[in-house]
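K.L.:
here you go, sequence then predicted model.
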Amino acid sequence: MNIPPSAAEDPLVLAQRIKQWGEELGFQQIGISDTKLIDAELRLHQWLDKGFNGEMQYMAAHGLKRSRPALLQEGTRSIISARMDYLPEPPATSKQILDDPAAAFVSRYALGRDYHKLLRNRLQKLADKISATIGPFGYRAFVDSAPVLEKAIAEKAGLGWIGKHSNLINRRAGSWFFLGEIYTDLALPSDQPASQHCGQCRACLDVCPTQAIVGPYQVDARRCVSYLTIELHGSIPVELRPLLGNRIYGCDDCQLVCPWNRFAKLSAEADFKPRHRLDQSTLIELFQWSEAEFLQKTEGSAIRRIGHLRWLRNIAVALGNGKPTSKVRAILSSRLNDDSEMLREHIDWALQQTIDS
């Protein structure tokens, strides 16, 4: 990197400017870390050795690039980590929906537009501001787009600590936020890493509907509702289906009970507001979406990644977990002749629950 001396900034001053620019761009906090992630690398390998990643083979791919940033982006010396609040509604509203077996619960991060593009654009604007001040520099921005240990990086950058549920928690903002990173060849001063503040609390472990949090800071993804409804491509294990309740895309239970989320603030970002009534739809309504409707109503949404088939699979399970009404049986039966054997199998299971209830 060759920065003209006249354009060069004092690293401390530049770091402060970056944080100020980040706030002006709508991030709630910016932190800076170095690239040493050896402890996180060890924890990742222990997690993989236990098979906790399930079908998420991408977590084991890319060699050491995930934990050694300079292998992913050559020349990386510092990492700018950013967080942005996304909470679209008061947690009490979310709890009401979870308590209504006829309602469809979608993880609150997915109710609005897909966050990847929004955060990526903001990070690019932040990089542009840096470049306008110091001249060209080496960087690459990430938002869940490459093998990056974003939570470990954010913890080192002082944005929060990794809680017992494996999510990042901030003392002043809870955990309802997205993360993004800029890998850079700038030698910036690192912030003080965040310290742990979970104490003896085990609320997240106790509330997990499938007991996927098998120990403090240990999540077996193969049991996690988010994995089962989003990452898993095939059949949901029969023994876990009743535990999913009405959760059709992701799960927020561990965040809803976390005491630190009493400090969480509602997001001011219009793009994170619910779209297409996904915050108040019934399971029956959503099960009737055709594939064309699904594609149209999930355009620009994180939900689209699971496709219409898995969407119906998840809703069929949720219908089977609800009240066994004649309308539910009729709606389920209407798709019994679907071409997908996997979907038919879940519908058969759901119908059996309405008979056995």
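P.N.:
Structure's in. What do you need?

K.L.:
as a check, name the ranges of all helices in the stretch 101-250 of the chain.
P.N.:
For the stretch 101-250 of the chain, the helices defined by DSSP state H, counting those that start in this stretch occupy 115-134, 150-156, 203-207, 225-226.

K.L.:
just the buried residues of the longest one, please?
P.N.:
Residues of helix 115-134 classed as buried by neighbour count (16 or more other Cβ atoms under 10 Å): 115, 118-120, 122-123, 125-127, 129-130, 133-134. In this view, the C-beta of every residue, glycine as well, is placed from N, C-alpha and C.

K.L.:
for Gly174, state which of these is nearest.
P.N.:
Tyr115 (16.8 Å; Cβ to Cβ).

K.L.:
ok, for the closest one, nearest residue in space, not its chain neighbours?
P.N.:
Phe178 (4.9 Å; Cβ to Cβ, 6 or more residues apart in numbering).

K.L.:
so who does the one you found touch?
P.N.:
Arg83, Met84, Tyr86, Tyr109, Tyr115, Leu119, Val143 (Cβ atoms under 8 Å, 6 or more residues apart in numbering).

K.L.:
give me that answer again for 6 Å
P.N.:
Met84, Tyr86, Tyr115, Leu119 (Cβ atoms under 6 Å, 6 or more residues apart in numbering).

K.L.:
cool, and Arg222?
P.N.:
Counting by Cβ under 6 Å, 6+ apart, Arg222 has contacts Gly54.

K.L.:
what's the pLDDT at it?
P.N.:
As predicted, Arg222 sits at a pLDDT of 98.

K.L.:
same thing with Pro5?
P.N.:
For Pro5, the predicted pLDDT is 38.

K.L.:
burial of the nearest residue to Gln124 once chain neighbours are set aside, as a residue count?
P.N.:
Of all residues not flanking Gln124 in the chain, Ala141 sits nearest, at 6.0 Å (Cβ to Cβ, 6+ apart). Neighbour count for Ala141, taken as other Cβ atoms under 10 Å: 22.

K.L.:
got the end-to-end distance for stretch 300-313?
P.N.:
Stretch 300-313 has an end-to-end distance of 21 Å (Cα to Cα, to the nearest Å).

K.L.:
the protein: strands as residue ranges?
P.N.:
29-33, 78-85, 105-106, 139-142, 161-162, 168-169, 177-184, 213-215, 218-219, 247-249 (DSSP state E).

K.L.:
what pairs with the fourth one, parallel or antiparallel?
P.N.:
Sheet pairing of strand 139-142 (DSSP bridges) gives strand 177-184 (antiparallel).

K.L.:
and the strand it pairs with, average pLDDT?
P.N.:
98.

K.L.:
how far is it from where the chain is centred?
P.N.:
Centroid separation for strand 177-184 versus its chain: 13 Å, with Cα atoms, centre = their mean, to the nearest Å.

K.L.:
now do that strand against strand 29-33, angle only.
P.N.:
Put simply, strand 177-184 runs at 40 degrees to strand 29-33, going by axes from the mean of the first three to the mean of the last three Cα atoms, to 10 degrees.

K.L.:
what about the protein, any weak spots by pLDDT?
P.N.:
1-8, 357 (pLDDT under 70).

K.L.:
show me it divided up by domain.
P.N.:
Domain assignment for the chain, taken from automatic domain parsing, gives 11-89+111-184, 235-250+275-356.

K.L.:
adding distance to Gln196, write those domains out as JSON lines.
P.N.:
Shown next, in JSON lines, are the domains of the chain (distance: least, Cβ to Cβ, whole Å):
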{"stretch": "domain 11-89+111-184", "distance to Gln196": "5"}
{"stretch": "domain 235-250+275-356", "distance to Gln196": "25"}
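
K.L.:
so which of these comes closest to Phe263?
P.N.:
Of those, nearest to Phe263 by Cβ to Cβ is domain 11-89+111-184, at 5.3 Å.

K.L.:
hang on, the earlier thing: would you list the strands of the chain in JSON lines and tack on distance to Leu286?
P.N.:
Formatted as JSON lines, the strands of the chain follow (distance: least, Cβ to Cβ, whole Å):
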{"stretch": "strand 29-33", "distance to Leu286": "35"}
{"stretch": "strand 78-85", "distance to Leu286": "27"}
{"stretch": "strand 105-106", "distance to Leu286": "9"}
{"stretch": "strand 139-142", "distance to Leu286": "32"}
{"stretch": "strand 161-162", "distance to Leu286": "33"}
{"stretch": "strand 168-169", "distance to Leu286": "30"}
{"stretch": "strand 177-184", "distance to Leu286": "24"}
{"stretch": "strand 213-215", "distance to Leu286": "28"}
{"stretch": "strand 218-219", "distance to Leu286": "27"}
{"stretch": "strand 247-249", "distance to Leu286": "7"}
